[in-house]
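Engineer: structure of the sequence below:
(one chain, ligands or ions: 1)
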Amino acid sequence: MKPAAFAYAKARSLDDAIRLLGAHPGEAKLLAGGQSLIATLNMRLSHPSLLIDINDVAGLEGIRVNRGVVEIGAMTRHVTLERSSDIAKHAPLIARAMPHIAHPAIRNRGTIGGSLAYADPAAELPACLVALDGEIEIAGAGGKRSVKAADFHKGLFETALGSHEVLTAVRIPAATAQTRVGFAELARRHGDYAIVGLAASAKANGKGLADARLVYFGVGATPVRARAAETALAGGNIEAAVQALDLDPPDDIQATGAVKKHLAGVLLRRVAAQLQGDA
Ligand SMILES: Cc1cc2nc3c(=O)[nH]c(=O)nc-3n(C[C@H](O)[C@H](O)[C@H](O)COP(=O)(O)OP(=O)(O)OC[C@H]3O[C@@H](n4cnc5c(N)ncnc54)[C@H](O)[C@@H]3O)c2cc1C
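Structural biologist: As a prediction, the model looks like this:
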């Protein structure tokens, strides 16, 4: 299929993009890497009358590490994150997740802002941001605001972004000597969206772990924290954490909820071993 007809505008600046969104209420879509948007247009799941290309907007790209915070511009491509020594050192959970996102051709164009804004429930980066207790910067006609990653994803393909707003950057605390991370997912083929995935962070606390954040993807409409399992894991017993898994995944086209719940336990054993092995 081919997309329905649409107009195209290249935004010259962030203000220009916000102005164009405001001038076409509910009818315009931002074009970032295009890796999800163009597919939805081609399948006629979406039919905006205007695409606003933000690829040439200055200031939306790049990785900065400053005063214990890693800031990543929304237009930073997946491939840049994958190859960045700053991300490997200061945001190792993201480095671990990147090779699981789609295929190299898609990672060459896809952006972190696009991935978060698209809000696929099986995507890796939204879960990583929640596991890292990150925040998301949003710009609109009234200025800028920040939203905690845990509050950003509201439902299936639904976020805290207003229709006239642009996601401009994400911020996460830089890893310290105590930071421990773990990541695993199960997909039918490498590069497919996960059936179930788990992104995790914790702090080494002697021989144990503190502040564990276990965030699943592919098990609900948004990233899902397994809080009872987090508490159990703090006691150091991985099997107790698996038994405590407080997830109730719905069936989807990839697997039944029961299979997903079983796989969530398999992933927890792997990820907990990563967290403890590092510790
Ligand atoms: C075959 C295939 C496999 C894939 N597998 C995976 C996978 O395993 N895991 C995964 O996470 N992703 C996967 N993806 C998606 C990929 O990661 C996309 O790059 C990503 O979801 C969207 O990023 P984008 O920059 O291409 O955004 P676009 O496609 O340009 O935009 C997506 C949506 O976000 C909006 N948007 C984009 N940028 C902004 C912004 N800065 N502010 C506000 N709104 C914005 C757009 O208007 C649009 O609605 C896959 C894609 C394909 C085609």
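Engineer: ok but residue 188 is inside a helix, no?
Structural biologist: No: using DSSP: H, G, I helix; E, B strand; the rest coil, the secondary structure at residue 188 is coil, not a helix.
Engineer: for it, phi and psi?
Structural biologist: The phi and psi torsions at residue 188 (degrees, to the nearest 10) take the values phi -60, psi -40.
Engineer: so where's the stretch 51-200 of the chain shaky on pLDDT?
Structural biologist: Under the criterion of pLDDT under 70, none of the stretch 51-200 of the chain is flagged as low confidence.
Engineer: any idea which element residue 249 lies in?
Structural biologist: For residue 249, there is no host helix or strand (DSSP states H and E).
Engineer: and for residue 200?
Structural biologist: Applying DSSP H and E, one finds residue 200 within strand 196-205.
Engineer: restrict that strand to CA atoms and write it as CSV.
Structural biologist: Provided in CSV are the C-alpha atoms of strand 196-205 (Å, rounded to 0.1, in the frame of the first residue of the first chain):
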residue,chain,number,x,y,z
VAL,A,196,9.2,-10.2,26.6
GLY,A,197,12.1,-8.1,27.7
LEU,A,198,13.6,-6.9,31.0
ALA,A,199,15.8,-3.8,31.7
ALA,A,200,17.1,-3.5,35.2
SER,A,201,19.3,-1.3,37.4
ALA,A,202,20.4,-1.6,41.0
LYS,A,203,23.1,-0.3,43.4
ALA,A,204,25.7,-2.5,44.8
ASN,A,205,25.3,-2.7,48.6
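Engineer: packing partners for it?
Structural biologist: helix 92-97, helix 124-131, strand 179-186, strand 208-217, helix 257-278 (3 or more CB pairs under 8 Å, 6 or more residues apart in numbering; DSSP states H and E). C-beta here means a position set from N, CA and C on the backbone, and glycine is covered the same way.
Engineer: show me where this protein has strands.
Structural biologist: 7-10, 28-31, 50-53, 63-66, 69-73, 135-140, 143-148, 153-155, 158-159, 166-173, 179-186, 196-205, 208-217, 224-225 (DSSP state E).
Engineer: which of those sits most buried?
Structural biologist: strand 196-205 (a mean of 24; mean count of other CB atoms under 10 Å).
Engineer: spell out which residues of the stretch 51-200 of the chain are next to the ligand.
Structural biologist: 74, 101-102, 106, 109-111, 113-115, 117-118, 123-125, 161, 166-167, 193 (CB under 6 Å from any ligand atom).
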